[in-house]
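Enquirer: Next come a sequence and a model predicted from it.
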Amino acid sequence: MSHFLQTIIARTGVATQAVRGWAEGFAAPLAQGFSAVPITYGFHTELVEKLDPIDSAVVPPDTLYWRDGSLLAFVAAASRHGDVVYIETDYFGGTGWQGAIYAHGGAIVDFFRTSDMPEDGPGPDSERAINRALHRLGVTIGKQDEFDTLGLGTYRTTLDLALEGHGEPPA
């Protein structure tokens, strides 16, 4: 089974403000008052066409697959309204990696990466890149980790999230 997700996570008000005026961007409700902004092909294309890219060197090369300057510019700009996390997953058959960047006050301020490749070995869920970034964003956990608390584990791809994106948040 595979998992390939590229999305921005923020408080719902922040996410809604960030996509205002973008034809292809929307905020999909999640649990705990958070929303996701799926980075679909259409939305990414719109970002590239309309935004001046920032230098992708602000994020180390091995942190993200999509280390695109226009996407990074959008994430940084969105964080002027409140803290924002951009996440990526790339797994197949239980092996892969995840990355996240954390933006605050109009700038990318931190980045995280975790690999479950055989040579790296799996680590505790609490130390995974996305969980660390979501924890910093304010996601609180109960019986599940931060990723699953928001319901993100139910989506295998960005397209899955985008197609279901206008439904009710997970319980």
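Expert: Received it, and whenever you're ready, just let me know what you need.
Enquirer: Every contact and neighbour count from this point should use C-alpha atoms.
Expert: Fine.
Enquirer: how about the strands in the protein?
Expert: According to DSSP state E, the chain carries its strands in the segments 2-11, 28-29, 34-38, 84-92, 95-104, 107-115.
Enquirer: Buried residues of the third one, list them for me.
Expert: The reference is to strand 34-38. 34-38 (16 or more other CA atoms under 10 Å).
Enquirer: Which single one of those is nearest to residue 4?
Expert: Nearest to residue 4 among the buried residues of strand 34-38: residue 38, at 11.6 Å, using CA to CA.
Enquirer: Am I right that residue 68 is in contact with residue 58?
Expert: No: contact criterion CA atoms under 8 Å: residue 68 and residue 58 do not qualify, at 10.7 Å.
Enquirer: Between those two, which has more neighbouring residues?
Expert: residue 68 (18 against 15; other CA atoms under 10 Å).
Enquirer: Skipping adjacent residues, who's closest to the more buried one in space?
Expert: With sequence-adjacent residues excluded and distances taken as CA to CA, 6 or more residues apart in numbering, residue 68 is closest to residue 56, at 6.2 Å.
Enquirer: Measure how buried that neighbour is and give me the count.
Expert: Neighbour count for residue 56, taken as other CA under 10 Å: 16.
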